[in-house]
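Q: What follows is a protein structure lacking sequence information:
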């Protein structure tokens, strides 16, 4: 497969100030031939960023203008601190409900308070990302497993769609929670504005169809133009269609957000959840596009890039941001070469705010709802859910549980449940791992799982057991019971029980004490416990625990083959 060469600035690891600000390295080595492509890509991108920024701001329970402030500042920050040459950050549909769930109850209808709370949330997210990046904790993106993320995003998609239905139909409701919103929507259907609904449905079809056809024309841009033209030509404002109206002219001065510190704990907890989702999205998108372009990115620098974007946005009435695969794809398809694309887009949005704030005056609210709904639909990965159902029902059940968790417990409860389930999933696999007896299949070299090869030959008097996990305090009893059960159920009592220890990556002190007791118990029955292929770091731990003072050195073999040969010639193994 032919790879597209990356800009020279990204070919080698930068040093000095460019190490912390990769954008500087890009601009220092910028080639004039890239300029037209970056400018065109930036202008195309700006046409997409304006309606999406406003739509996602409303999704977060904030005035639409804050979405544009956020868009401008995060693009500028990431252009300097982000490691990817054309990743696009900004307001995101997956974060909107999380932001709204935290700030709306605290703001109690006060728009200024909501803005301050959202800005503080961005400040906290930025700080968490920055600290994680400096501490080289890029792996935090792995705290949410793939099934959990798929399920959480599916639940989020359902929540977003239900929340946007009233706006799509041209009316508003006063309800919170998925079931309450559905009931309120049904009860207020008679208030539907036919014109608003017609525009919203046309926009939905237009966006989805252009996306299906992989058109070079962004569906969101086409929907915005069609909607504004319809409102202007048919004077739909007079028909009760709600529109965005003229945006405030200019740009806010930088200032630290002010808010009631009694809300700090809730905001910090929300910021932690937002950080997990935003970092996971950003790193996965960044790595995906880097692989397509044939270069690599530093995950820790991505944390610094997204952290700086959130910090700068928070100073200008912004709210937490993440990356967008769709917006990044638009930049790529438009020929973007470097982060100058983001700066051009930011400049275009800023110019609109300063010189033509009435540009979006006739954009209907139902069009914004359609934009949000189409974004939510992309969060619902039906293909991945089907794949999980076909491949591993337990992981499908996990994903479905997360989906229902978001619906039942809300967005914040859903993200908490997702994190807990990811941790429990990991713990469960380590707590009760796969274990098996090994034999010698005919015509297959080596020792293999007898459940897969039921006709595999067993060596009389030798039982070979494989345990596919670390041995630690939580699974020591399970290991001991498993081994004793296999010995008791053996047709011929073994003289040796050989542990094929290559998959055992660690042995803690609790497990070490268990092994000593187990060895004593087996020795009392004339059975010897021996080990093969124990990793050197694990063996070093065993030595440090003093295990070799109670379990003989002769019990440890470098390979299974050596252990089997020792058993066949009946090398003496002393009991103790």
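A: Alright, I've got the coordinates. What you see is a predicted model, and the numbers here were worked out from it, not measured in a lab.
Q: correct me, but residue 137 touches residue 303?
A: Yes: with contacts defined as C-beta atoms under 8 Å, residue 137 counts as touching residue 303 at a distance of 7.2 Å. Where C-beta positions appear, they are placed from N, C-alpha and C, glycine not excepted.
Q: Pull the number of nearby residues for residue 329.
A: 15 (other C-beta atoms under 10 Å).
Q: now do residue 205
A: With other C-beta under 10 Å as criterion, residue 205 counts 14.
Q: sorry, back to before: look at residue 137 and residue 303 and report which has more neighbours.
A: residue 303 (29 against 16).
Q: where does the more buried one fall, helix, sheet strand or coil?
A: Under the three-state scheme (DSSP: H, G, I helix; E, B strand; the rest coil), residue 303 adopts helix.
Q: what helix or strand does the closest residue to it other than its chain neighbours sit in?
A: The spatial neighbour of residue 303 that comes closest, neighbours along the chain excluded (C-beta to C-beta, 6 or more residues apart in numbering), is residue 133 at 3.2 Å. Per DSSP states H and E: residue 133 is located in helix 111-134.
Q: Show me what the helix or strand just after that helix is packed up against.
A: Next helix or strand after helix 111-134 toward the C-terminus (DSSP H and E): helix 146-168. Other helices and strands packing on helix 146-168, by 3 or more C-beta pairs under 8 Å, 6 or more residues apart in numbering; DSSP states H and E, are helix 35-59, helix 96-107, helix 178-187, helix 194-212, helix 365-379, helix 382-391, helix 393-431.
Q: Just send those helices back as JSON lines, with mean pLDDT and distance to residue 520 too.
A: Formatted as JSON lines, the helices and strands packed on helix 146-168 follow (pLDDT from 0 to 100; distance: least, C-beta to C-beta, whole Å):
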{"stretch": "helix 35-59", "mean pLDDT": "91", "distance to residue 520": "64"}
{"stretch": "helix 96-107", "mean pLDDT": "92", "distance to residue 520": "54"}
{"stretch": "helix 178-187", "mean pLDDT": "91", "distance to residue 520": "58"}
{"stretch": "helix 194-212", "mean pLDDT": "94", "distance to residue 520": "67"}
{"stretch": "helix 365-379", "mean pLDDT": "90", "distance to residue 520": "56"}
{"stretch": "helix 382-391", "mean pLDDT": "91", "distance to residue 520": "43"}
{"stretch": "helix 393-431", "mean pLDDT": "82", "distance to residue 520": "25"}
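Q: distance between stretch 228-237 and the chain's centre?
A: Computed by C-alpha atoms, centre = their mean, to the nearest Å, the chain-centroid distance of stretch 228-237 equals 40 Å.
Q: about what we covered before: comparing the helices and strands packed on helix 146-168, which comes out most buried?
A: helix 365-379 (a mean of 25; mean count of other C-beta atoms under 10 Å).
Q: Pull out the buried residues from the helix holding residue 133.
A: For helix 111-134, the neighbour count (16 or more other C-beta atoms under 10 Å) marks 113-130, 132-133 as buried.
Q: Sticking with residue 92, tell me its helix or strand.
A: Applying DSSP H and E, one finds residue 92 in no helix or strand.
Q: what's downstream of the lowest-mean-pLDDT helix or strand in the chain, the next helix or strand?
A: Least confident helix or strand, the chain: helix 17-20 with a mean of 67, by mean pLDDT, DSSP states H and E. Using DSSP H and E, the helix or strand that follows helix 17-20 in sequence is helix 22-28.
Q: coming back round to it: does anything pack onto the helix holding residue 133? Which helices or strands?
A: Using 3+ C-beta pairs under 8 Å, 6+ apart: helix 111-134 touches helix 64-81, helix 96-107, helix 264-293, helix 299-314.
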